[in-house]
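Asks: Task: produce atomic coordinates for the following.
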Amino acid sequence: MAELRRDPYADRWTLFASERANRPRDAARSPATPTTPKEDCPFCRGSEEKTPPEIDRIGGADDRPSWRVRVVANKFPAVSVDALTEEGGSLFGFMAGGGRHEVIVDSFDHHRGLADLPDEHSVQVLSMLQRRVRALFEIPSVRAVSPFKNHGAPAGASIEHSHLQVIATPALPANLAIERRIAERYYCENGHSLAEETGRWELGQGTRIVEAGDSGALVYCPFASRFPYQTTIAPWPPQNSFAVSPPEAIAAAGAAFARSLRRIKNLLGDPPLNAFFHIETRPEAAESPSAHCWRIEIIPRLTVLAGLELGSGMHINEALPERAAESLRAADARSPS
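Replies: The predicted structure follows:
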């Protein structure tokens, strides 16, 4: 029987219809496919001259290709460093597409992503991301920083080599604005964060938990997941500011991120996926009790958005999160040596 569930973070509904998984399809699901041959890859060690100047790195001297994590400006940025001046009327406002667009090359190996590297490497990646978020929030005009990962061409990746992207903008994206408004209202009405309430509720239910937070990170398939095998990773207890979270919270979430990617790869056969970091809009939020707490969302791209999703915003999910979590718990998440 079909079931509707509400997502408290964004006040939107998901329609669960597991029977639709049995409908005929013209094409079989395919894994993420290579998009860039190694010899042409600008992100490989030894090809540093193919990228814009380096912004930061972990590992190796500045002039040697022995880095483990490397940050550069995006060669084809979605936003630029132009002056940020809002223009236009109140109804049809617009502004120059100013901001920053950076790439974090999160693997030194063309053929291995975060799922294929030890957990400690993902901890380094999240530590670097935290450094870049801090730096970008120092730009007065920046209101939001949106880190994300595209894996596989169907998920939007134009280069096969594993990497994250970070976009800083003067405008607050709609999804972040809605989440912040809902989280602030919940905090004012209840005296604690929505993330804390969600975590306690999921732990109490138990059926959607993948990792129960003993390691410092809570991993679960959300109650109103919009996508099959959608996975949330959050520090536990919750942290309101990614930019100033303590090293132990970053380490716990980084390792859990790697394990989650590994579970999805081993269970589903390396599917295309997107990951998004829901973080604060300004780091000064950490100076007082905050409504908004950060988390990471992984979305395997197993289905195609169709008319209902694009037109109404209501998603149809063919996989109940309880069953997805059960399968993910059983999947191999061991860190490679």
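Asks: So, low pLDDT: which residues of the stretch 201-337 of the chain?
Replies: The stretch 201-337 of the chain contains residues with pLDDT under 70 at 282-290.
Asks: now the helices: where do they sit in it?
Replies: All helices of the stretch 201-337 of the chain, identified by DSSP state H, counting those that start in this stretch, fall at 247-268, 307-312, 321-330.
Asks: which of those helices sits most buried?
Replies: Counting by mean count of other Cβ atoms under 10 Å, helix 247-268 has the highest mean neighbour count of the helices of the stretch 201-337 of the chain, with a mean of 22. C-beta: built from backbone N, CA, C; applies to glycine.
Asks: name the helices or strands packed onto it?
Replies: Where contact means 3 or more Cβ pairs under 8 Å, 6 or more residues apart in numbering; DSSP states H and E, helix 247-268 is packed against helix 119-137, strand 209-212, strand 217-220, strand 231-235, strand 273-278, strand 295-300, helix 321-330.
Asks: if we can go back for a sec, what's the closest of the helices of the stretch 201-337 of the chain to residue 196?
Replies: Smallest distance to residue 196 across the helices of the stretch 201-337 of the chain (Cβ to Cβ): 14.3 Å, for helix 247-268.
Asks: now that closest one against helix 119-137, angle please.
Replies: Put simply, helix 247-268 runs at 120 degrees to helix 119-137, going by axes from the mean of the first three to the mean of the last three Cα atoms, to 10 degrees.
Asks: Residue 168 against residue 138, yeah?
Replies: No - if you go by Cβ atoms under 8 Å, residue 168 and residue 138 don't touch, sitting 10.2 Å apart.
Asks: Looking at the two, which one has more neighbours?
Replies: residue 168 (23 against 10; other Cβ atoms under 10 Å).
Asks: Could you tell me whether the more buried one really is in a helix?
Replies: No - assignment of residue 168 by DSSP: H, G, I helix; E, B strand; the rest coil gives strand, placing it outside any helix.
Asks: how close does it sit to residue 4?
Replies: To residue 4, residue 168 is 36 Å away according to Cβ to Cβ, to the nearest Å.
Asks: Then residue 212?
Replies: From residue 212 to residue 4 the distance is 27 Å (Cβ to Cβ).
Asks: More neighbours: which of those two?
Replies: Comparing residue 212 with residue 4 by other Cβ under 10 Å, the one with more neighbours is residue 212, at 14 against 10.
Asks: Pretty sure that one sits against residue 202.
Replies: No - assessed by Cβ under 8 Å, residue 212 is found out of contact with residue 202, at 9.3 Å.
Asks: which residue sits closest to residue 155, ignoring its sequence neighbours?
Replies: residue 272 (3.8 Å; Cβ to Cβ, 6 or more residues apart in numbering).
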